[in-house]
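Colleague: I would like to see how this sequence folds:
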Amino acid sequence: MLLNLLALRQIGLRTISTASHRHFKNKVPEKQKLFQEDDGIPLYLKGGVADALLNRATMILTVGGRAYAIYQLAVASFPKKQE
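Modeller: Purely as a prediction, here's the structure:
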């Protein structure tokens, strides 16, 4: 029983470690160069196709939400006909 608890403690200590075992290449300088160059592209679109798609989806949802809100205001402004 005691050995099981000690083994569990060792596993817990090994998995929660501050040392990184993975070595990744630092891509920050490359991204800084990409976003700081003056090429006429707006900053929110410099990320590529994914940024363009996110921008379009946001605009569509915004315009659609505003249209729906105006429609609901128009429906709420007219009283229901009583039969």
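
Colleague: longest helix of this protein?
Modeller: Longest helix of the chain, by residue count under DSSP state H: helix 49-77.

Colleague: what about the most centrally placed residue in the chain, distance to Ile60?
Modeller: By C-alpha atoms, centre = their mean, the chain has its centre lying nearest to Leu54, at 9.7 Å. From Leu54 across to Ile60, the span is 11 Å (C-beta to C-beta, to the nearest Å). From N, CA and C alone the C-beta is placed, and that goes for glycine too.

Colleague: on that earlier part again, so how far is the longest helix of the chain off the chain centroid?
Modeller: Computed by C-alpha atoms, centre = their mean, to the nearest Å, the chain-centroid distance of helix 49-77 equals 19 Å.

Colleague: just checking, what packs against that helix?
Modeller: Of the remaining helices and strands, none touches helix 49-77 by 3 or more C-beta pairs under 8 Å, 6 or more residues apart in numbering; DSSP states H and E.

Colleague: in the protein, where is pLDDT below threshold?
Modeller: Within the chain, the segments meeting pLDDT under 70 span 5, 11-21.

Colleague: swap the cut-off to 90 and go again
Modeller: 1-24, 31, 34, 39, 41, 43-48, 79-83 (pLDDT under 90).

Colleague: touching stretch 47-65 from outside, list them.
Modeller: With contact meaning C-beta atoms under 8 Å, 6 or more residues apart in numbering, stretch 47-65 is reached by 44-45.

Colleague: how about it as CSV, C-alpha atoms only?
Modeller: Provided in CSV are the C-alpha atoms of stretch 47-65 (Å, rounded to 0.1, in the frame of the first residue of the first chain):
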residue,chain,number,x,y,z
GLY,A,47,-2.6,36.4,-40.9
GLY,A,48,-3.7,35.0,-44.2
VAL,A,49,-6.8,33.1,-45.3
ALA,A,50,-7.9,32.2,-41.8
ASP,A,51,-8.0,35.9,-40.8
ALA,A,52,-9.9,36.8,-44.0
LEU,A,53,-12.5,34.1,-43.2
LEU,A,54,-12.8,35.2,-39.6
ASN,A,55,-13.2,38.8,-40.7
ARG,A,56,-15.9,37.9,-43.2
ALA,A,57,-17.8,35.7,-40.8
THR,A,58,-17.7,38.4,-38.2
MET,A,59,-19.1,41.0,-40.6
ILE,A,60,-21.8,38.6,-41.8
LEU,A,61,-22.9,37.9,-38.2
THR,A,62,-22.8,41.5,-37.3
VAL,A,63,-24.9,42.7,-40.2
GLY,A,64,-27.3,39.7,-39.8
GLY,A,65,-27.7,40.4,-36.1
